[in-house]
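S.K.: Build me a model from this:
(chains A and B)
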Amino acid sequence: DAKTTQPNSMESNEEEPVHLPCNHSTISGTDYIHWYRQLPSQGPEYVIHGLTSNVNNRMASLAIAEDRKSSTLILHRATLRDAAVYYCILRVPGPDKLIFGTGTRLQVFP
Amino acid sequence: EPEVTQTPSHQVTQMGQEVILRCVPISNHLYFYWYRQILGQKVEFLVSFYNNEISEKSEIFDDQFSVERPDGSNFTLKIRSTKLEDSAMYFCASSELRDLMYQETQYFGPGTRLLVL
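M.R.: Numbering: from 1, shown residues only, chains lettered A, B, ... in the order given. Predicted structure coming up:
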């Protein structure tokens, strides 16, 4: 899997939008961009994924740069429950292991 | 909503003892994984399993480790002779397998915290 770079930590206040960046300058044409998060003392959980177009689901939005060398996970209104480590992961199509980096630890303040 | 379950939630064992960690994947899933996370470190892939055989394994998954799907519901990870450095949180995950181009989501269990003394 290609390498991704994320900030170690970010902070937000509750009910504010959060933009979590990820750089993946060596992404290949077939790599999908996946985001997972790990809440404290829990297993990782899927958030969203995309290939080229921006994606929205009930949890978040994913904005993908036109050259696909970076992406941003957007939490539209952060809640205390969104405090977690967020991982940006590149994956080839099909069933494949997840390779986790160190992710971004998001702190949300009331 | 269907979920992956794992037992036990915590396991304490003596070095050199065998442990079996159990997982019940989501019922219609066909692809299974084990990951581990040493305290304060990254989540690491151990092994993937499909059609009753190992699909891929990492360097961590040496001869001391084995996996099995003994029946239609359970998926187990066995460590034959535990070492101190096996102390970690072990996560089971499962996913559907629709086709090779599908971006399947992996669903993780809550983990088993293994402490080797």
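S.K.: which residues does the closest residue to chain B within chain A contact?
M.R.: Residue of chain A nearest chain B, by Cβ to the nearest Cβ: A:Gly43 (3.3 Å). All C-beta spots, glycine's among them, are computed from the backbone N, C-alpha and C. Neighbouring residues of A:Gly43 by Cβ atoms under 8 Å, 6 or more residues apart in numbering or on different chains: B:4, B:91, B:93, B:108-111.
S.K.: Turn the residues you listed into a markdown table, columns for neighbour count.
M.R.: Shown next, in a markdown table, are these (neighbours: other Cβ atoms under 10 Å in any protein chain shown):
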| residue | neighbour count |
| --- | --- |
| B:Val4 | 23 |
| B:Phe91 | 27 |
| B:Ala93 | 28 |
| B:Phe108 | 23 |
| B:Gly109 | 26 |
| B:Pro110 | 17 |
| B:Gly111 | 24 |
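S.K.: TSV for these, including pLDDT and distance to A:Arg81?
M.R.: Listed next are these as TSV, based on pLDDT from 0 to 100; distance: Cβ to Cβ, whole Å:
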residue	pLDDT	distance to A:Arg81
B:Val4	96	20
B:Phe91	98	20
B:Ala93	96	21
B:Phe108	97	17
B:Gly109	97	19
B:Pro110	96	16
B:Gly111	97	19
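S.K.: buried residues in stretch A:65-80?
M.R.: For stretch A:65-80, the buried set under the neighbour-count rule, 16 or more other Cβ atoms under 10 Å in any protein chain shown, comprises A:68, A:70-73, A:75, A:78.
S.K.: Is the most centrally placed residue in chain A inside a helix or a strand, and which specific one?
M.R.: The centroid of chain A falls nearest to A:Trp35 when counting by Cα atoms, centre = their mean (3.7 Å). Element membership for A:Trp35, per DSSP states H and E: strand A:32-38.
S.K.: helices and strands around the helix or strand hosting B:Phe32, which ones?
M.R.: Applying DSSP H and E as the criterion places B:Phe32 in strand B:31-37. Under the contact definition 3 or more Cβ pairs under 8 Å, 6 or more residues apart in numbering or on different chains; DSSP states H and E, strand B:31-37 sits against strand B:19-24, strand B:43-50, strand B:88-95.
S.K.: got a list of contacts for that strand?
M.R.: By Cβ under 8 Å, 6+ apart, strand B:31-37 touches A:95, A:97-98, B:21, B:23, B:25, B:43-50, B:55, B:60, B:67, B:69, B:75, B:77, B:88-97, B:104, B:106, B:108, B:111.
S.K.: Now chain B against chain A: closest residue?
M.R.: For chain B, Cβ to the nearest Cβ, closest residue to chain A: B:Phe108, 3.3 Å.
S.K.: Identify the residues contacting that residue.
M.R.: Per Cβ under 8 Å, 6+ apart, neighbours of B:Phe108: A:43-45, B:4, B:35, B:91-93.
S.K.: again with A:Arg37
M.R.: A:44-45, A:47, A:84-87.
S.K.: Can you redo the residues you listed as JSON lines, where the extra columns are pLDDT and secondary structure?
M.R.: Shown next, in JSON lines, are these (pLDDT from 0 to 100; DSSP: H, G, I helix; E, B strand; the rest coil):
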{"residue": "A:Pro44", "pLDDT": "97", "secondary structure": "strand"}
{"residue": "A:Glu45", "pLDDT": "96", "secondary structure": "strand"}
{"residue": "A:Val47", "pLDDT": "96", "secondary structure": "strand"}
{"residue": "A:Ala84", "pLDDT": "97", "secondary structure": "strand"}
{"residue": "A:Val85", "pLDDT": "97", "secondary structure": "strand"}
{"residue": "A:Tyr86", "pLDDT": "98", "secondary structure": "strand"}
{"residue": "A:Tyr87", "pLDDT": "97", "secondary structure": "strand"}
